[in-house]
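**Student:** Build the 3D model from these lines:
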Amino acid sequence: DALRKRMEVHVALDYYTAAEMEAITDRLAADNNIRLTSQGRNLIARIADGIPRRAKHHIRNLRRHFSATNDRQIELPEIRQFMEAFQIDERGLGMPERKYLAFLESEQTASLESMTLLLGSDSAYVRNEIESRLQRMRFIRIGNSGRELTNEGREWLAKSAGNEKERIQNDDRESGKTAD
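**Tutor:** Alright, predicted model coming up:
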């Protein structure tokens, strides 16, 4: 923030296109000695949602998750396994976004302060990393009364909850337990 305050000209950059993100993801993977299939690269590029920094975080976490990857390509099923382990959905949303949306669903509205306390993050992170993305997806609306969940946000939460319930039932079946 200190650097930003000293800047006289503020430039709003647009998000990168899918093709640009795929090229950026290729470069990041190469820089981190990771070989991805084209489908895997496309998925990482898509969940990064037009922001290279997110792709970089996913690539680094992927590298840690699959530490012995120097001699082979990481394929799409492995990237999906990584996403499940890190609780990232097909749209690139993770636990902080789910927690944010679930809180709004239960409370109807919330202030930025409430959200920062809930997530244990500072206001700049919540605004720039979480809210900007949720607004672009039209999952939240920020107005005079605070943050509110939109119909699209409610629909995503319901679908997400259904997917989670299905995953737990599948895990229970695989481990020999019965679901209630």
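**Student:** Low-confidence stretches in the protein?
**Tutor:** Applying pLDDT under 70 to the chain flags the ranges 1, 4, 7, 10-12, 68-71, 162-180.
**Student:** Quick one: the helices in it, in order.
**Tutor:** In the chain, the segments counted as helices under DSSP state H are 2-6, 18-31, 38-47, 52-65, 76-85, 95-107, 112-119, 123-125, 132-136, 151-175.
**Student:** and these, which is most packed in?
**Tutor:** Ranked by mean neighbour count under mean count of other Cβ atoms under 10 Å, the helices of the chain are led by helix 38-47, which reaches a mean of 20. Every C-beta, even on glycine, is put in place using the N, C-alpha and C of the backbone.
**Student:** Next up, the contacts around Leu157.
**Tutor:** The contact partners of Leu157, taken as Cβ atoms under 8 Å, 6 or more residues apart in numbering, are Arg98, Leu101, Ala102, Glu105, Leu149.
**Student:** Gln73 now?
**Tutor:** Gln73 touches Arg35, Leu36, Thr37, Gly40, counting by Cβ under 8 Å, 6+ apart.
**Student:** Ala19 too?
**Tutor:** Counting by Cβ under 8 Å, 6+ apart, Ala19 has no contacts.
**Student:** Ok, Tyr16 next?
**Tutor:** Ile24, Gly50, Ile51, Pro52.
**Student:** Apply 7 Å and report the result again.
**Tutor:** Applying Cβ atoms under 7 Å, 6 or more residues apart in numbering, we find Tyr16 in contact with Ile24, Gly50, Pro52.
**Student:** With Ser114 instead?
**Tutor:** Ser114 neighbours (Cβ under 7 Å, 6+ apart): none.
**Student:** now Gln87, nearest residue through space, not along the chain?
**Tutor:** Of all residues not flanking Gln87 in the chain, Met95 sits nearest, at 5.0 Å (Cβ to Cβ, 6 or more residues apart in numbering).
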